[in-house]
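Undergrad: Curious how this folds, go ahead:
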Amino acid sequence: MADDDRLYHIGFAPSDLPAGTEIALLSGDPGRSALIATEHLADGRALSRNRGLDAFVATLPGGRPVVCATSGMGAPSMSIVVNELVQAGISTIIRIGTSGSIQDHVRTGSVVVAHAALTNQGAADDIAPPRYPAAADPFLTVALARAAAELGIDHHVGTVASADTFFEGQERSASSANPHLLRRLHGMIDEYAALGVLSFEMEAGTLFKMGGVYGFAAGCVLGIVAQRTEDERPNLTEKDAAVDRALHAAVAAADSWTPRSG
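TA: The predicted structure follows:
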């Protein structure tokens with residue numbers, strides 16, 4: 001591994017990537033990154049294991065190289081990883097994550113392709129003003145939705161809500177150490193559901209703003225692992241299947257995707 005241009009947080013250098021590496025599949029969980037690289041793609045190998053931000057390189061079904069990177073939990077950690085991935089030459093980033101539905105028709109086990117995010121994130125405000133649109137790349141969003149459809153995956157395309165916290169910021173109190181939510185957080189799920197928001201998650205809004213400001217294509221596909229209209233807690237019975245569907249859609253979309261130039 002090269003030492004002279006190794007990036008501080010992700011732990012690998014641009015020169016460590018195979019020629020033509022432009023796409024990254026980004027997961028919060030290092031175990032998921034390893035799973036994608038070693039069990040769902042060919043030639044998977046570790047690039048670095050640094051600060052829990054494990055990164056791997058593998059080969060898509062069509063033969064192109066891809067990075068499977070770990071973002072950590074939440075937007076601040078993700079913003080560091082994404083910044084350094086772009087420095088390493090990545091021009092397309094697809095987040096593969098989990099999410100809690102706030103709509104009755106978006107059921108656990110299904111997949112959400114996020115085209116935009118209602119963004120309650122301090123990290124996003126450091127990238128661009130609050131009124132700056134947090135929108136995914138439209139063409140990458142279409143590629144993700146098409147891949148899900150072609151794979152027969154129950155999926156929904158729409159707006160998600162991106163929060164900085166898993167408990168308070170997503171109106172959890174019964175399953176939290178803190179049962180006392182701030183007044184402004186009470187009724188948030190009902191309010192957002194009435195606005196057509198599909199689900200809660202913790203990274204997409206900042207990722208989408210970074211894509212707009214930095215000039216890379218950003219996309220997001222999420223496995224629905226909680227039905228917040230019924231229960232605060234994730235449904236562990238459905239989690240693995242939901243994540244599996246999301247990552248299959250992401251891999252298929254990445255394989256069909258042609259990164260834009262300039």
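Undergrad: now the helices: where do they sit in the chain?
TA: 30-35, 75-87, 122-127, 138-150, 188-194, 204-214, 236-256 (DSSP state H).
Undergrad: mind listing what's buried in the first one?
TA: The neighbour-count criterion (16 or more other CB atoms under 10 Å) identifies 30, 32-35 as the buried residues of helix 30-35. Every C-beta, even on glycine, is put in place using the N, C-alpha and C of the backbone.
Undergrad: Out of the residues you listed, flag the one nearest to residue 86.
TA: Lowest distance from residue 86 to the buried residues of helix 30-35 (CB to CB) belongs to residue 33, with 17.7 Å.
Undergrad: my guess is residue 6 contacts residue 13, does it?
TA: Yes. With contact defined as CB atoms under 8 Å, residue 6 counts as touching residue 13 (4.4 Å).
Undergrad: Quick check: residue 199 touching residue 107?
TA: No. Counting by CB under 8 Å, residue 199 stays clear of residue 107, with 11.0 Å between them.
Undergrad: anything in contact with each of those two?
TA: Common neighbours of residue 199 and residue 107, counting by CB atoms under 8 Å, 6 or more residues apart in numbering, are 101, 224.
Undergrad: quick one, which of the two is more surrounded?
TA: For residue 199 versus residue 107, the count of surrounding residues by other CB atoms under 10 Å is larger for residue 199: 29 against 16.
Undergrad: Count the residues that sit near the residue lying closest to the more buried one once chain neighbours are set aside.
TA: The spatially closest residue to residue 199, leaving aside those adjacent along the chain, is residue 99, at 4.1 Å (CB to CB, 6 or more residues apart in numbering). Using other CB under 10 Å, residue 99 has 30 neighbouring residues.
Undergrad: Run through the bridge partners of residue 99.
TA: residue 224 (DSSP bridges).
Undergrad: List the contacts of it.
TA: 112, 160, 198-201, 222-226.
Undergrad: Kindly reformat the buried residues of helix 30-35 as CSV containing pLDDT.
TA: Converted to CSV, those look like this (pLDDT from 0 to 100):
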residue, pLDDT
30, 95
32, 96
33, 97
34, 96
35, 96
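Undergrad: Farthest pair within those residues?
TA: 30 and 35 (9.6 Å).
Undergrad: which residue ends up closest to the midpoint of the protein in space?
TA: residue 95 (2.6 Å; CA atoms, centre = their mean).
Undergrad: thinking that residue is in contact with residue 203, fair?
TA: Yes. The pair formed by residue 95 and residue 203 meets the contact definition of CB under 8 Å, at 6.0 Å.
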